[in-house]
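Asker: Okay, predicted coordinates and the sequence, questions at the end:
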Amino acid sequence: MAGTEIAERKRAAKAYRWDVRPGDGTVPAEFDAAPAPVERAARWYGRALGWLRPRREIRESLSEAFAEERTHGHFFLFVPVFLGIGAALWFAAEVDPPIYAMVLLAIAAMMPAWRLRHRENLSAILAGGAFLVPIGMLLATLESARLDTVIIDTSVTTMIEGRVLSRESGAGNTIRYRIALEKTREPTLKRAPRIVTLLARSRHDPIAIGHGISGRARLGPPSGPALSGLNDFAFDAYFAGTGAVGYFYSAPVAIETGSGGWSDRIAQRIAIWRNNLTEHIRGRIGGDAGAIAAALVTAEQRAISDETVEALRQAGLAHVLAISGLNMVLAAGTFLVGARMLMALIPGFAERFPTRKIAAGGALIMVTLYILVSGGAISAVRSWIMICVMLIAVLVGRSAISLRNVALSAIIILAVTPSAVTNPGFQMSYAATLGLVAGYAAWRERPVRKEGKGGALRLTGGAAGRFFGGLLLSSAIGSLSTLIYSIGHFHRVPAYGLAGNLLAMPAISAIVMPFGLIAVLLMPFGLDAIPFAIMGKGIEWMIALAEWVSRWKGGDVVTGRIPMSAFVLIGVGGGLLCILRTRLRHAGTVLIVVGALMAVWPPTRG
């Protein structure tokens with residue numbers, strides 16, 4: 001009888017639909033006089049309804065958030081994430097996973113991923129991840145098998161003969177040659193590497209690129225990490241194709257050798273252009289300024305003095321020396337703006353022709369030539385792909401600055417060179433790009449407020465204020481986005497990196513890169529002297545600022561090593577904050593907080 005009464009009162013409660021507060025258990029007045037067991041059961045039922053209602057609302061809210069993320073196409077942004085996770089897992093494994101296991105896993109996950117591709121929930125993302133992670137592992141397997149670089153086992157002294165692929169002049173009379181090895185003798189190596197990098201310290205006439213070279217040399221395997229978990233130079237050398245490093249005992253001599261195939265001849269011609277361009281720039285601009293100017297164009301950094309490199313590093317400006325996204329963006333942006341301004345000066349041209357697309361096409365050709373003369377380093381190729389994707393988006397009438405374009409460039413890079421995911425430059429480049437693009441999107445979508453006239457400070461609140469405000473904001477976002485990678489890989493952070501970038505970036509953006517581009521474009525006509533002189537003055541200003549900042553008290557902040565789990569949590573959390581735009585992004589905030597706590601208070605080992 002008591003069970004029947006309880007059931008009736010439950011139905012009455014549903015009929016009344018009283019307002020149940022979470023954890024309150026309020027019931028209608030007629031239950032006040034009910035027997036004690038019935039009253040307790042009714043109150044328990046009320047509490048249960050109050051506990052379920054907010055959770056039902058949370059589920060509905062999450063479903064709406066997932067639907068909004070899919071509407072904006074943000075699920076596509078997880079494709080390179082899962083591919084990168086798969087590649088990273090393969091490279092981190094102590095033993096190569098069996099190929100058949102990865103293939104079977106991908107096949108088994110393909111059907112669920114295909115069937116759930118239109119779902120607007122977490123299961124769709126997880127199903128896609130289950131399919132893409134083994135695909136990333138397979139791509140890493142294919143890259144390793146395709147390269148098959150032969151690395152020398154132990155150090156050896158031998159006579160070498162080969163063909164010069166490229167050369168870099170360093171401080172003093174040193175020249176570093178990259179050589180395609182053709183023959184060894186005294187002793188003859190049975191398992192000789194195909195490409196070696198050798199340093200020549202003796203004074204000699206530089207051997208031209210493409211010519212034969214011979215000499216007694218000391219060959220050794222590329223060095224591994226100094227400590228477990230640090231950068232593995234042998235890993236980088238393997239994927240660069242370098243099988244040995246070393247030095248010549250005496251000055252090498254030029255010999256006759258074959259020219260190689262058509263691809264070798266093309267590479268040789270590009271290397272000659274690069275070397276001639278480097279020497280020309282150093283001839284126009286002397287000292288460290290000329291060496292940095294050459295590094296900005298051709299990526300040859302060996303001629304820069306150690307003191308200047310250290311000053312730039314302590315001021316947080318070492319990234320300027322690498323051919324990276326900054327250089328590509330400044331070069332492409334300068335060309336875009338300059339080309340459109342020149343076309344606007346022609347009467348009626350802008351009304352009849354799409355000047356924006358014409359300028360984008362010219363910038364696409366320009367950055368392609370830039371990557372050819374810059375040596376084709378991995379960081380440069382990565383930046384080139386990103387810029388090309390954005391310029392092609394302009395040509396087809398799409399938004400150039402978007403997270404989808406960043407994701408597309410990452411997919412292309414991971415499909416061709418999945419080993420790049422382990423490179424600190426790849427991680428820092430995409431972290432900074434994600435942060436800047438997400439910050440740009442948030443700034444663009446902010447509520448617009450009517451600006452006042454500004455009175456006496458109207459210049460500060462106008463163009464100048466927006467320029468320096470944007471510079472401050474972009475520098476802060478870039479520094480915060482790459483902070484965890486500086487700590488995780490280099491275990492230190494430049495204390496005054498933000499200040500150094502704020503002081504030097506106006507000179508780099510407005511003087512160094514624009515006039516460097518103008519000088520290179522005018523070089524065939526012999527009119528490059530004045531632009532190179534202006535570029536040199538801008539670099540000298542940058543060096544002076546870097547030296548001034550490096551003398552500030554404090555120096556670098558040495559953080560030491562942090563747990564890998566903290567590094568991963570903060571990195572993933574930062575990615576979620578940039579990729580997502582609904583309340584789901586706060587999952588990234590939780591991961592960052594947890595990772596930061598683990599980094600500050602790592603678990604003690606018993």
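Answerer: Arrived safely, thanks for sending. From a predicted model like this one, the values you see are computed outputs, not experimental measurements.
Asker: use CA for all of it now, contacts and neighbours both
Answerer: Fine.
Asker: May I ask which helix or strand encompasses the most centrally placed residue in the chain?
Answerer: Within the chain, one residue has its C-alpha closest to the average C-alpha position: by Cα atoms, centre = their mean, that is S429, at 2.2 Å. Per DSSP states H and E: S429 is located in helix 424-444.
Asker: which residues touch that helix?
Answerer: Helix 424-444 has contacts (Cα atoms under 8 Å, 6 or more residues apart in numbering) with 324-325, 379, 382, 401-403, 406, 420-421, 474, 477-479, 481-482, 485, 489, 575, 578-579.
Asker: Name the residues of that helix that come out as buried.
Answerer: 424-441 (16 or more other Cα atoms under 10 Å).
Asker: That helix: how far from the chain's middle?
Answerer: Shown here is helix 424-444, whose average C-alpha point lies 8 Å from the average C-alpha point of the whole chain (Cα atoms, centre = their mean, to the nearest Å).
Asker: tell me the mean pLDDT over it?
Answerer: Mean pLDDT, taken over the full extent of helix 424-444, equals 82.
Asker: do you know how far the residue nearest to the centre of the chain is from L139?
Answerer: When distance is defined by Cα to Cα, to the nearest Å, S429 is 21 Å away from L139.
Asker: now swap in P80 and tell me
Answerer: P80 sits 12 Å away from L139, taking Cα to Cα as the criterion.
Asker: quick one: low-confidence ranges for the stretch 301-450 of the chain?
Answerer: Counting by pLDDT under 70, the stretch 301-450 of the chain contains low-confidence residues at 323-326, 376-379, 400, 445-450.
Asker: Could you pull out the helices in it for me?
Answerer: Listed in chain order, the helices found in the stretch 301-450 of the chain under DSSP state H, counting those that start in this stretch are 306-314, 325-344, 349-352, 355-373, 378-395, 403-416, 424-444.
Asker: for the stretch 501-606 of the chain, same thing?
Answerer: Listed in chain order (using DSSP H, counting those that start in this stretch), the helices of the stretch 501-606 of the chain are 513-522, 529-550, 564-579, 586-600.
Asker: and of those helices, who's closest to S250?
Answerer: Distances from S250 to each of the helices of the stretch 501-606 of the chain were compared using Cα to Cα; the shortest belongs to helix 529-550, at 35.3 Å.
Asker: which parts of whichever strand or helix holds A87 are buried?
Answerer: Assessed by DSSP H and E, A87 sits inside helix 78-92. With burial defined by 16+ other Cα under 10 Å, the residues of helix 78-92 counted as buried are 78-91.
Asker: likewise stretch 274-287?
Answerer: Across stretch 274-287, burial judged by 16+ other Cα under 10 Å covers R274, N275, L277, T278, I281, R282, I285.
Asker: Check stretch 587-594 too.
Answerer: The neighbour-count check on stretch 587-594 (16+ other Cα under 10 Å) flags G588, T589, L591, I592, V594 as buried.
Asker: can you dump the C-alpha coordinates of it into PDB?
Answerer: Taking only C-alpha atoms (Å, rounded to 0.1, in the frame of the first residue of the first chain), the coordinates of stretch 587-594 have been written out as PDB:
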ATOM      1  CA  ALA A 587      38.400  23.300 -21.300                       C
ATOM      2  CA  GLY A 588      41.700  24.700 -22.500                       C
ATOM      3  CA  THR A 589      41.800  27.100 -19.600                       C
ATOM      4  CA  VAL A 590      41.300  24.100 -17.200                       C
ATOM      5  CA  LEU A 591      44.200  22.200 -18.900                       C
ATOM      6  CA  ILE A 592      46.500  25.200 -18.700                       C
ATOM      7  CA  VAL A 593      45.800  25.800 -15.000                       C
ATOM      8  CA  VAL A 594      46.300  22.100 -14.300                       C
END
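Asker: Give me the distance from that stretch to the chain's centre.
Answerer: Using Cα atoms, centre = their mean, the distance from the centre of stretch 587-594 to the centre of the chain it belongs to is 21 Å.
Asker: average pLDDT for it?
Answerer: The average of the pLDDT scores along stretch 587-594 is 90.
Asker: which residues are contacting it?
Answerer: Applying Cα under 8 Å, 6+ apart, the set of residues contacting stretch 587-594 is A566, L569, I570, G571, V572, G573, G574, G575, L576, L577.
Asker: Run through the residues that contact the first one.
Answerer: Taking Cα under 8 Å, 6+ apart as the definition of contact, the neighbours of A566 are V594, G595, A596, M598, A599.
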